[in-house]
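K.L.:
The following block contains a protein sequence and its predicted model.
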Amino acid sequence: MTFFHLGNCVVLSYAPYFISYRYSGLSEYSALWRCVKAGGAYFCTQLLKMLLLATFFPAAEATDAEPTDDLVTDVVKATVELIDLLGIYFTVTRLVNKGEMRIMVTSIGWGSADFLATRLLPLWFGARGSEFDWIYLQNSLDCNINLLFLISITTLLWLWSRNDFSEKYLPFLGVLLSVLTYRSVIFQVMATTFGLGAWMMLIIKAISAMLIALVSLQLYSGIVSV
(Lines give C-alpha, C1' and ligand atoms only; values in the text may rest on other atoms or scores of the structure.)
Protein backbone atom coordinates (compact mmCIF):
# COMPACT_ATOMS: atom_id res chain seq x y z
CA MET A 1 0.00 0.00 0.00
CA THR A 2 2.83 2.41 0.82
CA PHE A 3 4.53 1.65 -2.51
CA PHE A 4 1.23 2.32 -4.27
CA HIS A 5 1.03 5.69 -2.53
CA LEU A 6 4.63 6.44 -3.55
CA GLY A 7 3.84 5.54 -7.15
CA ASN A 8 0.78 7.77 -7.18
CA CYS A 9 2.77 10.72 -5.84
CA VAL A 10 5.61 10.25 -8.33
CA VAL A 11 3.22 9.93 -11.27
CA LEU A 12 1.21 12.94 -10.11
CA SER A 13 4.42 14.96 -9.78
CA TYR A 14 6.11 14.08 -13.05
CA ALA A 15 3.25 13.13 -15.41
CA PRO A 16 2.72 16.77 -16.52
CA TYR A 17 6.39 16.98 -17.54
CA PHE A 18 6.14 13.80 -19.60
CA ILE A 19 2.85 14.83 -21.17
CA SER A 20 4.23 18.26 -22.01
CA TYR A 21 7.30 16.71 -23.64
CA ARG A 22 5.30 14.09 -25.50
CA TYR A 23 2.51 16.23 -26.86
CA SER A 24 4.17 19.62 -27.33
CA GLY A 25 6.10 18.27 -30.30
CA LEU A 26 9.46 18.05 -28.55
CA SER A 27 9.66 14.29 -28.99
CA GLU A 28 9.30 14.73 -32.75
CA TYR A 29 12.31 17.06 -32.81
CA SER A 30 14.52 14.73 -30.74
CA ALA A 31 14.90 17.41 -28.12
CA LEU A 32 15.81 15.04 -25.28
CA TRP A 33 19.50 15.97 -25.32
CA ARG A 34 18.64 19.66 -25.22
CA CYS A 35 16.43 19.01 -22.19
CA VAL A 36 19.37 17.24 -20.56
CA LYS A 37 21.57 20.28 -21.21
CA ALA A 38 18.94 22.51 -19.63
CA GLY A 39 18.94 20.19 -16.61
CA GLY A 40 22.72 20.44 -16.43
CA ALA A 41 22.43 24.22 -16.41
CA TYR A 42 20.01 23.90 -13.49
CA PHE A 43 22.49 21.90 -11.40
CA CYS A 44 25.31 24.34 -12.15
CA THR A 45 23.07 27.23 -11.09
CA GLN A 46 22.07 25.50 -7.85
CA LEU A 47 25.72 24.86 -7.03
CA LEU A 48 26.47 28.55 -7.46
CA LYS A 49 23.50 29.45 -5.23
CA MET A 50 24.67 27.06 -2.52
CA LEU A 51 28.15 28.57 -2.59
CA LEU A 52 26.75 32.10 -2.30
CA LEU A 53 24.40 31.20 0.56
CA ALA A 54 27.13 29.33 2.45
CA THR A 55 29.64 32.14 1.92
CA PHE A 56 27.61 35.27 2.58
CA PHE A 57 24.73 34.02 4.77
CA PRO A 58 26.20 31.32 7.04
CA ALA A 59 24.06 32.36 10.03
CA ALA A 60 20.73 31.94 8.25
CA GLU A 61 19.97 28.81 10.29
CA ALA A 62 19.93 30.50 13.70
CA THR A 63 17.40 28.81 15.93
CA ASP A 64 16.62 31.79 18.16
CA ALA A 65 15.71 34.15 15.34
CA GLU A 66 12.71 36.44 15.68
CA PRO A 67 9.82 36.17 13.19
CA THR A 68 10.97 39.39 11.54
CA ASP A 69 14.45 37.90 11.19
CA ASP A 70 12.92 34.85 9.56
CA LEU A 71 11.15 37.08 7.06
CA VAL A 72 14.36 38.95 6.29
CA THR A 73 16.15 35.64 5.81
CA ASP A 74 13.44 34.44 3.44
CA VAL A 75 13.69 37.66 1.46
CA VAL A 76 17.46 37.27 1.22
CA LYS A 77 17.10 33.68 0.07
CA ALA A 78 14.49 34.73 -2.47
CA THR A 79 16.88 37.41 -3.71
CA VAL A 80 19.46 34.72 -4.35
CA GLU A 81 16.82 33.11 -6.58
CA LEU A 82 17.68 35.86 -9.07
CA ILE A 83 20.55 33.58 -10.04
CA ASP A 84 17.90 31.17 -11.32
CA LEU A 85 16.66 33.90 -13.64
CA LEU A 86 20.18 34.36 -14.97
CA GLY A 87 20.54 30.61 -15.44
CA ILE A 88 17.22 30.29 -17.25
CA TYR A 89 18.00 33.35 -19.37
CA PHE A 90 21.35 31.88 -20.41
CA THR A 91 19.72 28.51 -21.14
CA VAL A 92 16.86 29.84 -23.24
CA THR A 93 18.97 32.31 -25.20
CA ARG A 94 22.35 30.60 -25.53
CA LEU A 95 22.36 26.96 -24.53
CA VAL A 96 19.17 25.79 -26.25
CA ASN A 97 18.87 26.85 -29.87
CA LYS A 98 15.77 25.31 -31.39
CA GLY A 99 13.55 28.13 -32.57
CA GLU A 100 10.24 28.47 -30.77
CA MET A 101 10.77 25.11 -29.02
CA ARG A 102 13.43 26.59 -26.75
CA ILE A 103 10.83 27.75 -24.20
CA MET A 104 9.40 24.27 -23.65
CA VAL A 105 12.83 22.62 -23.85
CA THR A 106 14.20 24.93 -21.16
CA SER A 107 11.11 24.63 -18.96
CA ILE A 108 10.88 20.84 -19.09
CA GLY A 109 14.62 20.27 -18.73
CA TRP A 110 14.98 22.76 -15.87
CA GLY A 111 11.80 21.55 -14.16
CA SER A 112 12.77 17.88 -14.46
CA ALA A 113 16.13 18.57 -12.86
CA ASP A 114 14.40 20.47 -10.05
CA PHE A 115 12.07 17.50 -9.52
CA LEU A 116 15.01 15.10 -9.26
CA ALA A 117 16.96 17.39 -6.94
CA THR A 118 14.24 18.61 -4.57
CA ARG A 119 11.16 16.39 -4.91
CA LEU A 120 12.08 12.80 -5.63
CA LEU A 121 14.08 11.98 -2.50
CA PRO A 122 11.48 13.42 -0.08
CA LEU A 123 8.84 11.38 -1.85
CA TRP A 124 10.99 8.25 -1.80
CA PHE A 125 11.73 8.41 1.92
CA GLY A 126 8.46 9.99 3.00
CA ALA A 127 5.65 8.59 0.86
CA ARG A 128 6.83 5.05 1.59
CA GLY A 129 6.13 5.55 5.29
CA SER A 130 3.71 3.34 7.13
CA GLU A 131 1.25 6.20 7.66
CA PHE A 132 -0.60 8.09 4.93
CA ASP A 133 0.07 11.83 4.88
CA TRP A 134 -1.61 14.41 2.66
CA ILE A 135 1.56 16.49 2.55
CA TYR A 136 3.07 14.32 -0.19
CA LEU A 137 0.03 14.72 -2.43
CA GLN A 138 0.17 18.44 -1.75
CA ASN A 139 3.85 18.50 -2.71
CA SER A 140 3.04 16.61 -5.91
CA LEU A 141 0.37 19.13 -6.85
CA ASP A 142 2.74 21.96 -5.95
CA CYS A 143 5.25 20.45 -8.38
CA ASN A 144 2.68 20.78 -11.18
CA ILE A 145 2.00 24.40 -10.25
CA ASN A 146 5.74 25.14 -10.27
CA LEU A 147 5.95 23.83 -13.84
CA LEU A 148 3.38 26.42 -14.88
CA PHE A 149 5.32 29.13 -13.05
CA LEU A 150 8.53 27.95 -14.73
CA ILE A 151 7.02 28.09 -18.22
CA SER A 152 5.85 31.64 -17.50
CA ILE A 153 9.31 32.67 -16.25
CA THR A 154 11.01 31.17 -19.30
CA THR A 155 8.54 32.85 -21.65
CA LEU A 156 9.01 36.25 -20.02
CA LEU A 157 12.81 35.96 -20.11
CA TRP A 158 12.69 34.94 -23.76
CA LEU A 159 10.50 37.96 -24.51
CA TRP A 160 12.99 40.16 -22.62
CA SER A 161 15.76 38.96 -24.94
CA ARG A 162 13.83 39.80 -28.10
CA ASN A 163 14.87 42.91 -30.01
CA ASP A 164 11.42 43.20 -31.58
CA PHE A 165 9.61 43.27 -28.24
CA SER A 166 8.10 46.67 -27.47
CA GLU A 167 10.18 48.54 -24.90
CA LYS A 168 7.09 50.02 -23.28
CA TYR A 169 6.26 46.56 -21.90
CA LEU A 170 9.70 45.97 -20.36
CA PRO A 171 8.77 47.53 -16.97
CA PHE A 172 5.71 45.27 -16.89
CA LEU A 173 7.94 42.26 -17.59
CA GLY A 174 10.21 43.38 -14.76
CA VAL A 175 7.28 43.53 -12.34
CA LEU A 176 6.06 40.06 -13.34
CA LEU A 177 9.54 38.57 -13.01
CA SER A 178 9.98 40.21 -9.60
CA VAL A 179 6.67 38.78 -8.41
CA LEU A 180 7.65 35.34 -9.68
CA THR A 181 11.05 35.56 -8.00
CA TYR A 182 9.64 36.54 -4.62
CA ARG A 183 6.47 34.46 -4.86
CA SER A 184 7.56 32.13 -2.05
CA VAL A 185 7.86 35.10 0.33
CA ILE A 186 4.55 36.55 -0.87
CA PHE A 187 2.75 33.24 -0.33
CA GLN A 188 4.35 32.78 3.08
CA VAL A 189 3.25 36.25 4.20
CA MET A 190 -0.28 35.56 2.96
CA ALA A 191 -0.44 32.23 4.79
CA THR A 192 0.86 33.74 8.02
CA THR A 193 -1.24 36.90 7.90
CA PHE A 194 -4.55 35.27 7.03
CA GLY A 195 -3.96 31.89 8.67
CA LEU A 196 -4.44 29.97 5.42
CA GLY A 197 -4.01 26.20 5.34
CA ALA A 198 -2.02 24.11 2.88
CA TRP A 199 -4.94 23.30 0.58
CA MET A 200 -6.08 26.93 0.38
CA MET A 201 -2.53 28.01 -0.43
CA LEU A 202 -2.38 25.42 -3.20
CA ILE A 203 -5.56 26.87 -4.69
CA ILE A 204 -4.16 30.40 -4.48
CA LYS A 205 -0.90 29.28 -6.07
CA ALA A 206 -2.75 27.50 -8.87
CA ILE A 207 -4.92 30.53 -9.62
CA SER A 208 -1.86 32.80 -9.56
CA ALA A 209 0.07 30.48 -11.86
CA MET A 210 -2.80 30.34 -14.36
CA LEU A 211 -3.26 34.12 -14.37
CA ILE A 212 0.44 34.81 -14.93
CA ALA A 213 0.57 32.06 -17.57
CA LEU A 214 -2.34 33.68 -19.44
CA VAL A 215 -0.61 37.07 -19.35
CA SER A 216 2.64 35.48 -20.57
CA LEU A 217 0.79 33.68 -23.36
CA GLN A 218 -0.85 36.91 -24.45
CA LEU A 219 2.51 38.69 -24.62
CA TYR A 220 4.06 35.74 -26.44
CA SER A 221 1.21 35.64 -28.95
CA GLY A 222 1.78 39.30 -29.74
CA ILE A 223 5.39 38.56 -30.70
CA VAL A 224 4.66 35.39 -32.71
CA SER A 225 1.81 36.97 -34.67
CA VAL A 226 3.99 39.87 -35.78
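P.N.:
Yep, it's here. Residues are numbered from 1 along each chain as shown.
K.L.:
element containing Met210, please.
P.N.:
Applying DSSP states H and E as the criterion places Met210 in helix 198-224.
K.L.:
Could you measure from Leu148 over to Ile207?
P.N.:
11 Å (CB to CB, to the nearest Å). In this view, the C-beta of every residue, glycine as well, is placed from N, C-alpha and C.
K.L.:
who's more crowded, the two?
P.N.:
Leu148 (20 against 11; other CB atoms under 10 Å).
K.L.:
The closest residue to the more buried one other than its chain neighbours: what's it in contact with?
P.N.:
Leaving aside its chain neighbours, Leu148 sits nearest to Ala209 (4.1 Å; criterion: CB to CB, 6 or more residues apart in numbering). Under the criterion of CB atoms under 8 Å, 6 or more residues apart in numbering, the neighbours of Ala209 are 145, 148-149, 152.
K.L.:
now do 7 Å
P.N.:
145, 148-149 (CB atoms under 7 Å, 6 or more residues apart in numbering).
K.L.:
Show the low-confidence segments of this structure, by residue range.
P.N.:
Within the chain, the stretches with pLDDT under 70 are 1-3, 5, 57-70, 97-100, 126-132, 224-226.
K.L.:
make it 50
P.N.:
Filtered on pLDDT under 50, the chain yields the residue ranges 61-63, 226.
K.L.:
mind listing the helices in this protein by residue range?
P.N.:
2-23, 32-56, 67-80, 82-90, 102-118, 120-126, 134-161, 170-181, 183-194, 198-224 (DSSP state H).
K.L.:
got the angle for the fifth one vs helix 32-56?
P.N.:
To tie it back to what came earlier, the one meant is helix 102-118. 50 degrees (axes from the mean of the first three to the mean of the last three CA atoms, to 10 degrees).
K.L.:
Next: the longest one.
P.N.:
For helix 134-161 and helix 32-56, the angle between their directions (the same axes, to 10 degrees) works out to 100 degrees.
K.L.:
swap in the first one?
P.N.:
On the basis of the same axes, to 10 degrees, helix 2-23 is oriented at 120 degrees to helix 32-56.
K.L.:
gap between helix 2-23 and the chain center?
P.N.:
17 Å (CA atoms, centre = their mean, to the nearest Å).
K.L.:
Output the contacting helices and strands for that helix.
P.N.:
helix 102-118, helix 120-126, helix 134-161 (3 or more CB pairs under 7 Å, 6 or more residues apart in numbering; DSSP states H and E).
K.L.:
Which of the residues in the shortest one are classified as buried?
P.N.:
With burial defined by 16 or more other CB atoms under 10 Å, the residues of helix 120-126 counted as buried are Leu123.
K.L.:
Which strands or helices does that helix pack on?
P.N.:
Secondary elements touching helix 120-126 (3+ CB pairs under 7 Å, 6+ apart): helix 2-23, helix 134-161.
K.L.:
Equivalent analysis for the last one, please.
P.N.:
Helix 134-161 sits against helix 2-23, helix 82-90, helix 102-118, helix 120-126, helix 170-181, helix 198-224, with contacts defined as 3+ CB pairs under 7 Å, 6+ apart.
K.L.:
closest one to Leu52 among these?
P.N.:
helix 82-90 (7.2 Å; CB to CB).
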